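Asks: Test case, fold it:
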Amino acid sequence: MRPGVPSRLTAALLFAATVLGGVLGAGIGWGLVDVGCRGDCTLALAAGTVIGGAAGAAGVGVVAVLVLRAMNEWRLPHAAARGRPEAFPLLERSPGTFESPGPNPAPPPDPRRTGEPPPA
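Replies: Next up is the predicted model:
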């Protein structure tokens, strides 16, 4: 399995949840228009169904993306702990030697605090 890519089962479950959210949202949209409309409501019922379905699917889709991100964040540290450096492809070192620059040098003194005039 590639890092950052959900399994087929996870993707299928989240897709099914998004479709179910759209169907239930369409039912809610249809029901709201049906309760509040009198007379010929064909166009209003269709609009309520489509808008409700889109809103329901979008809401569940957002939650699905957040779930996938959370699963990925949970999986990566555990993969590294098991000795799988391929879980962090961006953190691989480039070939060659890496030398530490040493401790950070001290910042230059602030002329406002030393009482000396600023350099020209």
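Asks: from here on, contacts and neighbour counts on C-alpha atoms
Replies: Noted.
Asks: Let's test this: name the helix or strand in the protein with the lowest mean pLDDT.
Replies: Lowest by mean pLDDT, DSSP states H and E among the helices and strands of the chain is helix 111-114, with a mean of 66.
Asks: what comes up buried for the longest helix along the chain?
Replies: Counting residues, the longest helix found in the chain (DSSP state H) is helix 42-81. Applying a neighbour-count criterion of 16 or more other CA atoms under 10 Å, the buried positions in helix 42-81 are 45, 47-58, 60-61, 64, 68, 76.
Asks: cool, and stretch 8-24?
Replies: Buried residues in stretch 8-24 (16+ other CA under 10 Å): 14-15, 17-24.
Asks: Same question for stretch 28-41.
Replies: Under 16+ other CA under 10 Å, the buried positions of stretch 28-41 are 28-30, 33.
Asks: and those as a markdown table, adding distance to Leu9, pLDDT and secondary structure?
Replies: Output for these, formatted as a markdown table (distance: CA to CA, whole Å; pLDDT from 0 to 100; DSSP: H, G, I helix; E, B strand; the rest coil):
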| residue | distance to Leu9 | pLDDT | secondary structure |
| --- | --- | --- | --- |
| Ile28 | 28 | 96 | helix |
| Gly29 | 30 | 96 | helix |
| Trp30 | 31 | 95 | helix |
| Val33 | 36 | 94 | helix |
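Asks: got TSV for those, with distance to Ala106 too?
Replies: Converted to TSV, these look like this (distance: CA to CA, whole Å):
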residue	distance to Ala106
Ile28	64
Gly29	64
Trp30	68
Val33	69
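Asks: ok, so of the residues you listed, who is nearest Asn72?
Replies: Nearest to Asn72 among these: Ile28, at 32.7 Å, using CA to CA.
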